[in-house]
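> okay, predicted coordinates and the sequence, questions at the end:
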Amino acid sequence: MIGSPLLLQNLLKLGRHIGLAGLSIVVMSDGLNAQSSMSNPIGRVARLFNPRLVKVEERVEFLNNQLMSLALHQEQSLKTGIGCRGARISPGGPDPSVVIDLGKVVPVEALYLVPLQEESSERRGLFPKRFTIEFSIVPDFSKKRILYTSGDKYFPGSGGKPVKFMGQGAQARYVKLIVNQGQMRGESEVFGLSEFVVISDGFPVSFGSKVSAEGQLCDKDLWYAGAITDGRMPLGVWQGGNWSGKDEKSNLYSIASPDEEISWSINFGKDTKLDMVVLFPYEIRGVLEAGILPEKMEFQVRAEGEADFKTIRLWENPVEGTNHVTPLLLPLNGIVASEFRIKGLKARVVGNEQLYGFSEIEVWSDHKNIAKDHTVSCKASDMSTPVATLTNGYASERQIIPVGSWLNQLHERWRVEREIEALQPMHTQMAAESELNATWGSAMMLGLTFLIPVFVVERRRLISSKHIDQLRKRIAADLHDDIGSNLGSISLIARTARKDLVRLHGPDEIAEDLDEVESIARESSLAMRDIVWLLERKQDSIGDLVHRMRETASRLLREMDYTIECDSSKSAAKLSLDAKRHLFLFYKEAIHNVLKHAKAKKVTIRLWDKGDMLALQIIDDGKGLPMVMENDFEVPHLVRKLDDRARVLDGKLEVKTEAFKGTEILLTVKHSLLIAISSSK
């Protein structure tokens with residue numbers, strides 16, 4: 001492997017430190033505002049007498065917690081393949097349109113229209129004012145279904161965010177967008193879109209699809225019909241959830257000579273149909289702000305039994321020197337091969353450095369990333385190095401998530417941000433009025449009441465509470481530092497020993513045992529982190545529970561299409577330690593059942609208020625639970641632990657399952673039990 005020069009290493013470190021410092025400043029600023037509002041004595045008194053203000057604040061807090069678990073909207077500036085732009089050719093002429101051929105008939109789950117990036121000369125954007133979306137299974141649309149039409153009314157606008165339409169499982173091969181009215185630019189009626197994404201079975205089936213357009217305005221390498229299905233969007237990289245933790249230099253290579261070549265190859269072990277390769281740029285944040293991909297690449301394959309590789313395509317950056325800020329998708333057209341290789345023919349120049357790099361390589365076959373967890377062989381200067389971090393499911397910063405889930409999270413973030421924006425003026429006015437009334441009332445009460453005994457009693461209570469909190473923190477810290485360190489050491493030793501066995505061609509049985517030791521240590525470490533979270537007193541609300549549920553789902557269900565919704569109005573209500581523990585472990589047990597037994601593709605998780613009860617529902621589309629005989633009745637298997645948790649909570653558990661159609665689990669617990677237990681402690 002080629003080592004990076006000292007200058008490059010220092011720039012990378014400085015960029016990352018500046019990026020983290022900026023993030024810390026933002027988080028500290030937000031936290032300070034919230035803390036100063038709640039620590040204001042007059043504000044606390046005002047909230048005692050204004051339940052409406054408390055409800056608004058609880059809602060805002062809940063929404064802010066939701067934002068923490070949703071993908072970030074990080075608009076990027078595309079320099080090539082910006083999108084598709086069209087216009088009405090003449091006044092009174094036919095409506096401009098775009099037709100996408102998905103290649104085969106598929107059930108459409110959702111459809112997203114992604115607006116163009118915002119430019120200084122186009123502040124109003126080119127999103128259509130009125131439009132119609134049609135589905136058909138025949139190319140002439142003689143048989144069609146109208147998914148959406150704005151009719152005579154203007155569409156309310158996109159706000160620069162992806163606009164979502166539910167497909168409701170409608171069958172379609174051809175999807176048409178008819179622009180009934182665009183944006184007026186001088187004498188012309190113009191529209192433009194960055195991407196048209198069709199999701200089926202959780203997969204973006206529109207990527208790489210053929211596109212035809214009527215009334216399109218072409219500009220080579222900038223505006224063209226195919227750019228609407230090339231997967232490149234100004235929304236950034238499809239990432240969210242957990243931080244990657246990748247070594248900053250592990251996937252970046254610096255070369256001394258422009259003639260020096262480097263290659264990356266993946267061996268699948270057998271002939272496999274290859275549909276598409278997706279290359280994620282290596283991102284350098286902070287100082288350089290660069291997205292690294294080779295300027296020129298050659299793609300090669302080798303089938304089983306063949307001695308040599310054959311070249312299947314070449315790719316060259318249309319505008320040399322421009323940054324890559326989005327994944328690069330290149331169709332492989334279903335070619336069959338057992339080994340896939342990328343040759344870097346020209347490096348990306350950053351300052352005085354000539355750099356090669358990716359953050360992740362995906363190879364898609366039948367809607368699956370078959371390169372996942374395969375070791376990449378990187379060859380440079382006649383030396384071959386195995387690299388595992390190029391196929392581990394993480395981009396430069398965060399975990400890569402399915403495109404459908406990513407777009408859905410961006411759409412949900414926009415909805416939540418709009419609701420917060422609408423609540424802010426109401427909150428400001430209510431807080432000002434309540435604090436003014438509380439100021440006068442407090443002044444009168446202080447003049448009439450002798451508060452010293454109350455102060456003494458309250459001080460003793462706070463000292464006792466503080467002592468208990470310190471004890472809980474100390475226990476959590478000991479668990480994290482001692483046991484966590486030991487488990488991490490066990491996992492590292494097992495992984496190193498397994499690699500040594502493979503290198504030395506040792507017994508497969510020992511390697512398998514070490515693999516199991518590593519897996520158990522990793523699972524134990526994650527379970528220990530959950531115990532530490534359960535002991536954390538500052539994260540005892542229903543909203544905190546939902547946030548933890550999202551983190552757990554992003555870790556366990558990352559291969560599935562999943563959604564988590566919370567419609568509870570009591571998100572700020574505090575849970576007792578027992579209630580928090582049993583609710584979370586119930587949820588985690590149900591998720592493990594889905595992961596290990598259901599073979600599901602889609603999971604829906606919902607938490608809401610059902611009368612005076614809190615309801616938790618988990619639905620999957622898997623193969624259903626097996627049935628066993630119990631007391632002369634058939635009951636679902638694998639729910640005994642869930643039933644035990646429900647009984648401890650005095651809750652009601654309902655399980656509905658049907659073979660090959662999925663399972664629905666519903667737990668309902670009275671709010672009064674949860675809150676009463678919490679307040680009595």
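Thanks, I have it.
> got the domain ranges for the chain?
84-229, 247-400, 450-539, 542-681 (automatic domain parsing).
> secondary structure class for the closest residue in space to W238 that isn't next to it in sequence?
Computed as CB to CB, 6 or more residues apart in numbering, the closest residue to W238 that is not its neighbour in sequence is W406, at 4.4 Å. Using the backbone N, CA and C atoms, a C-beta is placed for each residue, glycine as well. Applying DSSP: H, G, I helix; E, B strand; the rest coil to W406 yields a three-state assignment of helix.
> so W406 sits against G240, correct?
Yes - with contact defined as CB atoms under 8 Å, W406 reaches G240; the gap is 6.3 Å.
> now for the two: what residues contact both?
A71 (CB atoms under 8 Å, 6 or more residues apart in numbering).
> any figure for the gap between the closest residue to G167 other than its chain neighbours and I199?
Nearest non-adjacent residue to G167, counting by CB to CB, 6+ apart: V108, 3.1 Å away. Counting by CB to CB, to the nearest Å, the gap from V108 to I199 is 7 Å.
> quick check: neighbours shared by the two?
With CB under 8 Å, 6+ apart as the test, V108 and I199 both reach G167.
> picking up where we left off before, which among the domains of the chain is found nearest to Q74?
Checking those against Q74 by CB to CB gives domain 247-400 as the closest, at 8.9 Å.
> now do the closest one: distance to the chain's middle.
23 Å (CA atoms, centre = their mean, to the nearest Å).
> who are the neighbours in contact with the residue nearest to W238?
A71, W238, Q239, G240.
> save the residues you listed as CSV, and put in secondary structure too.
Shown next, in CSV, are the contacts of W406 (three-state DSSP):
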residue, secondary structure
A71, coil
W238, coil
Q239, strand
G240, strand
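> okay, who's weakest in these by pLDDT?
Minimum pLDDT across these is recorded for G240, with 72.
> nearest spatial neighbour of that residue, skipping sequence neighbours?
Counting by CB to CB, 6+ apart, the residue nearest G240 is A71, at 3.4 Å.
> re the thing from before, of the domains of the chain, which shows the lowest average pLDDT?
domain 450-539 (a mean of 62).
> can you tell me which residues contact S568?
Contacts of S568 by CB under 8 Å, 6+ apart are F62, I542, L607, W608, D609, L614.
> measure it to F340 for me?
Taking CB to CB, one finds S568 at 48 Å from F340.
> with A590 instead?
38 Å.
> go on, D152?
According to CB to CB, D152 and F340 sit 52 Å apart.
> tell me which of the two has more neighbours.
For D152 versus F340, the count of surrounding residues by other CB atoms under 10 Å is larger for F340: 27 against 8.
> parallel or antiparallel, which strands does the helix or strand harbouring that one pair with?
Assigned by DSSP states H and E, F340 belongs to strand 328-346. According to DSSP bridges, strand 328-346 forms sheet pairs with strand 262-280 (antiparallel), strand 296-302 (antiparallel).
> would JSON lines of those with mean neighbour count be doable?
Shown next, in JSON lines, are these (neighbours: other CB atoms under 10 Å):
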{"stretch": "strand 262-280", "mean neighbour count": "18"}
{"stretch": "strand 296-302", "mean neighbour count": "19"}
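> for the ones you listed, which one sits closest to R413?
strand 262-280 (21.3 Å).
> picking that back up, if you count neighbours, what's buried in the strand holding F340?
328-332, 335, 337-346 (16 or more other CB atoms under 10 Å).
> ok, stretch 161-170 next?
Buried-residue list, stretch 161-170, by 16+ other CB under 10 Å: K161, P162, V163, K164, G167.
> L410 is in contact with the first one, correct?
The reference is to K161. Yes - counting by CB under 8 Å, K161 does reach L410; the two are 6.3 Å apart.
> joint contacts of the two?
With CB under 8 Å, 6+ apart as the test, K161 and L410 both reach H73.
> number of residues surrounding L67?
13.
> am I right that it is in a helix?
Yes - using three-state DSSP, the assignment for L67 is a helix.
> quick revisit: nearest to K55, out of the domains of the chain?
domain 542-681 (7.1 Å).
> chain center to the closest one, what's the gap?
22 Å.
> what segments of this protein are helices?
In the chain, the helices defined using DSSP state H lie at 6-39, 41-48, 51-68, 403-448, 452-478, 484-503, 508-535, 542-556, 577-593, 640-648, 671-680.
> from Y154, how far off is Q216?
For Q216 relative to Y154 (CB to CB), the value is 23 Å.
> higher neighbour count, those two?
Q216 (18 against 11).
> correct me, but Y394 touches F358?
No - using CB under 8 Å, Y394 is not in contact with F358; the gap is 11.9 Å.
> quick one: which of those two has more around it?
F358 (26 against 21).
> please give me every residue in contact with that one.
N251, W264, L279, F280, P281, Y282, I292, L293, L390.
> ok, these vs E304, which is closest?
Distances from E304 to these, taken by CB to CB, are shortest for W264, at 20.0 Å.
> list the residues that contact the closest residue to the closest one other than its chain neighbours.
Residue nearest to W264 in three dimensions, not counting chain neighbours: I342, with 4.8 Å by CB to CB, 6+ apart. By CB under 8 Å, 6+ apart, the contact set of I342 is S263, W264, S265, V277, L279, M297, E298, F299, Q300, I361.
> tell me which residue lies nearest the centroid of this structure.
Nearest to the mean C-alpha position of the chain, counting by CA atoms, centre = their mean, stands G240 at 3.4 Å.
> beta partners for I605?
I564, I618.
> so how far is I619 from it?
For I605, the distance to I619 - CB to CB - is 8 Å.
> who's more crowded, the two?
Neighbours were counted for I605 and for I619 using other CB under 10 Å; I605 has more, 24 against 19.
> can you pull the contacts of that one?
M549, A553, Y562, T563, I564, E565, Y587, L616, Q617, I618, I619.
> and if you look at H592?
L556.
> distance-wise, check it relative to K641.
Separation of H592 from K641 (CB to CB): 10 Å.
> what do you get for Y562?
Taking CB to CB, one finds Y562 at 21 Å from K641.
> comparing the two, which shows the higher neighbour count?
The neighbour comparison of Y562 against K641 (other CB under 10 Å) goes to Y562, with 26 against 14.
> so the more buried one makes contact with R606?
No - Y562 lies out of contact with R606 (CB under 8 Å); the separation is 11.4 Å.
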